[in-house]
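S.K.: give me coordinates for this.
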Amino acid sequence: MLRIKKLDIFIAKQFGLLFAGTFFISLFVLMMQFLWKYVDDLIGKGLSMEVLAQFFWYMALMLIPQALPLAILLASLMTFGNLGESSELTAIKASGVSLIQSFRPLIVIVLLITGASFYFENNIGPNSQMHLAQLMLSMKEKSPELEIPEGIFYDGIPQTNIYVEKKNVNTGKLYNIMVYRQTESYEDQAIILADSGMLQSTADKKHLQMTMWNGEWYENMRNNNMVESANVPYRRESFTSKRIIIDFNGDFNLTDASVFGNDARTKSLSKIHTDLDSLNHTYDSIGDSYYKAAASLYYPAPKLTKQGAANVKKLGPTINIDTLYDHLTPDNKKLVVEQALQQVNMETGDLEFKSMVTSDGDKIIRQHKIEIINKFTIALSCLIFFFIGAPLGAIIRKGGLGVPIITSVAVFIVYYILDNTGYRMARQGAWTIWFGKGLSPAVLIPTAIFITYKANNDSAVFNLDAYKDLFRRMFGLRIKRATIASKEVIITDPDYTGDAEILQQMNARIEQYETVHNLKSPPNVIKTFFKYKPDHEIEQLSEDLEKVINDLGNTRDRFILSYINRYPVLAVKAHTRPFESKWKNIAAAIIIPAGMFFYCRMWRFRIRLDRDLRVIYKTNNDVITRIRTKGK
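M.R.: This is a model prediction of the structure:
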């Protein structure tokens, strides 16, 4: 019997709250990205709130299946990141519940979300896609909102440019108007100048009525039957009041949805399968008719009379075309070649036209097949992203919005690039459909399995602290000593006399070490990479120094505390060789670029060690002086 445990409810609540927030954030980001692509088609069209509301509603419904995988990735990563950061995941594992078992409630939830994603993509998404495409096409075809600016020519009205020097916002009057109207050709132009005027839209919003006062009308009178001449007659008219009607459809008209009949994105699976059979049958019939036409043209079966058959028999079983051509006169040879070339050009053009028809059919069929796979891969990506996000959160153990968002965006970008590249290549026919649409799952599924396996085995492969430590050791970054502060309760007082003697002996050892080892000089290449010897003197000196620091950390003297905080943390091995392993050192020496890097890095450690020893020497003297002063 399947029992729901309190731990399952706890994890499900944590995931549910985060999923609700990340889903709306992801949907908003995708909507803004989609809107940014088509913002030019919306601005300045004077669209009503009802049209804009429909546009955003259908856009949100269409993008829900794409927002779900990103929301699951981010929510699962944050859920287990928060559990790991607060040590709750450690407590869960300590109680005997494995990481995979803790995934159990979320797997059920993600499976339900995957089913919902497929339902949206198959049933709601196509209808939303069709309505959205219908709205987008209608918005593109709608005329821009009429707003005549001052001081520039306005070309938003078809076949008409209007210049207005000044306008009165309150009365709507326009002053110093210049109108250029172009009708059938560049020769048939009209120029209207007026002192003032008004521009209004008719009640049906399909025309503009322009009333002008005190102006002149210039219009070319060229006739189509006239011969070419530099003298072009024109008509000039002066008026005190003139009213003209301009075609301008400012209303929003919804485009017929039948134009999207071949768009596979607007169809469900059953509709795609039905239309795909019809498309295959239609274009197979077209291809068969083209083949029969080509066969009858290029391989005709001539009907010969008895006399013609007898003449053919006289020519023999084979006919040499070159021999026949050689018997022609030069004029006939030229005529035959020209006729053949003309026939080839005609047939080439015909085949190119036919190839356009067949290539369009192939593209439509590929789009339908791609959409069939796409409906499953988008739903499957929800499950894939969960098994990437949840294990990553358990490994990284960082909650909040910082690291999870960066990681989620990086994973989603990889997914988007792979999926978009595969889709475009499959749509063009450069790749097979199953390879193009299966590229992103083929990469992400093994990645999800690998990350889940590593997380279940507590691997540190994605532990940021481990990489930070590797980066620090590679480039020789210093480890900072934790600040030693005064303790409120001290059980044992420091042995000031013994510590002073140790520090005095340490200074003598430092002087002797610097005399023997010239740390500022370049290291010996042979000893560095091939004949390594450990430096036990520095190791022992570092160990003695840490003992003295721990003992003096129990003091109440502020001066001594400030002195011991100056002590650096010694790197006791980095100045002797690049790696612990002998074969790695040899490999670094053989690979010249790597060897140069590690050689310079070790030289840097030697110089830093020399500087640290000088700091220790000076600080030892300060501590010894303070201890002797306290003793007096």
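
S.K.: just checking, what packs against the longest helix seen in the chain?
M.R.: As assigned by DSSP state H, the longest helix anywhere in the chain is helix 330-396. In terms of contacts (3 or more CB pairs under 8 Å, 6 or more residues apart in numbering; DSSP states H and E), helix 330-396 is packed against helix 49-85, helix 104-119, helix 269-298, helix 403-428, helix 433-437, helix 439-456. Quick note: C-beta positions are derived from backbone N, CA and C, even for glycine.

S.K.: quick check, pLDDT for the spatially most central residue of the chain.
M.R.: The residue lying closest to the centre of the chain (CA atoms, centre = their mean) is Ile413, at 4.4 Å. As predicted, Ile413 sits at a pLDDT of 88.

S.K.: low pLDDT regions in the stretch 101-250 of the chain?
M.R.: 140-147, 156, 183-188, 202-206, 221-234, 248-250 (pLDDT under 70).

S.K.: now do 50
M.R.: Scanning the stretch 101-250 of the chain with the threshold set as pLDDT under 50 gives 145, 225-229.

S.K.: how near is Asp8 to Asp247?
M.R.: 68 Å (CB to CB, to the nearest Å).

S.K.: the two: who's more crowded?
M.R.: More neighbours surround Asp8 than the other of Asp8 and Asp247, with 16 against 11 (other CB atoms under 10 Å).

S.K.: the more buried one sits in which helix or strand?
M.R.: Assigned by DSSP states H and E, Asp8 falls within helix 6-37.

S.K.: which helices and strands does that helix pack with?
M.R.: Using 3+ CB pairs under 8 Å, 6+ apart: helix 6-37 touches helix 49-85, helix 104-119.

S.K.: tilt between it and helix 104-119?
M.R.: 30 degrees (axes from the mean of the first three to the mean of the last three CA atoms, to 10 degrees).

S.K.: what angle do helix 6-37 and helix 403-428 make?
M.R.: 60 degrees.

S.K.: mind listing what's buried in helix 6-37?
M.R.: 8, 11-12, 14-15, 18-19, 22-23, 25-27, 30-31, 34 (16 or more other CB atoms under 10 Å).

S.K.: in the stretch 451-600 of the chain, which spans are helices?
M.R.: Ranges of helices in the stretch 451-600 of the chain, per DSSP state H, counting those that start in this stretch, are 464-475, 496-516, 525-529, 536-552, 558-564, 582-590, 592-631.

S.K.: surely Met31 meets Leu63?
M.R.: Yes: using CB atoms under 8 Å, Met31 is in contact with Leu63, at 6.1 Å.

S.K.: got any ranges where this protein has weak pLDDT?
M.R.: In the chain (pLDDT under 50), the answer is 1, 145, 225-229.

S.K.: in the chain, what residue sits furthest out from the centroid?
M.R.: Max radial position in the chain (CA atoms, centre = their mean) goes to Gln307, at 75.7 Å.

S.K.: for it, what is the enclosing helix or strand?
M.R.: Here Gln307 is assigned to helix 306-315, by DSSP H and E.

S.K.: could I get the helices and strands packed on helix 330-396 as TSV with distance to Ile177?
M.R.: Shown next, in TSV, are the helices and strands packed on helix 330-396 (distance: least, CB to CB, whole Å):
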stretch	distance to Ile177
helix 49-85	32
helix 104-119	58
helix 269-298	55
helix 403-428	50
helix 433-437	58
helix 439-456	59
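
S.K.: for Pro593, which of those helices is the nearest?
M.R.: Closest approach to Pro593 among these (CB to CB): helix 403-428, 28.8 Å.

S.K.: okay, buried residues for the closest one please.
M.R.: Buried, per 16+ other CB under 10 Å, within helix 403-428: 403-404, 407-408, 411-412, 415, 418-419, 422-423, 425-427.

S.K.: SS state for Lys398?
M.R.: coil (DSSP: H, G, I helix; E, B strand; the rest coil).

S.K.: could you report the neighbour count for the closest residue to it other than its chain neighbours?
M.R.: Leaving aside its sequence neighbours, Lys398 sits nearest to Gly81 (CB to CB, 6 or more residues apart in numbering; 5.0 Å). Residues lying near Gly81 (other CB under 10 Å) number 27.

S.K.: return the most buried member of the helices and strands packed on helix 6-37.
M.R.: helix 49-85 (a mean of 22; mean count of other CB atoms under 10 Å).

S.K.: got the angle for that one vs helix 6-37?
M.R.: With the same axes, to 10 degrees applied, the angle from helix 49-85 to helix 6-37 works out at 140 degrees.

S.K.: for helix 49-85, name the packing helices and strands.
M.R.: Helix 49-85 packs on helix 6-37, helix 88-94, helix 104-119, helix 125-141, helix 330-396, helix 403-428, going by 3+ CB pairs under 8 Å, 6+ apart.

S.K.: A helix includes Gln200, no?
M.R.: No: assigned with three-state DSSP, Gln200 falls outside any helix and is strand.

S.K.: wait, it sits on Arg243?
M.R.: No: look at Gln200 against Arg243 with CB under 8 Å: they stay out of range, at 10.3 Å.

S.K.: what residues do the two have in common as contacts?
M.R.: 209-211 (CB atoms under 8 Å, 6 or more residues apart in numbering).

S.K.: distance to Ala71 and neighbour count added to those residues, as TSV?
M.R.: As requested, the shared contacts of Gln200 and Arg243 are exported to TSV (distance: CB to CB, whole Å; neighbours: other CB atoms under 10 Å):
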residue	distance to Ala71	neighbour count
Gln209	53	14
Met210	54	22
Thr211	57	15
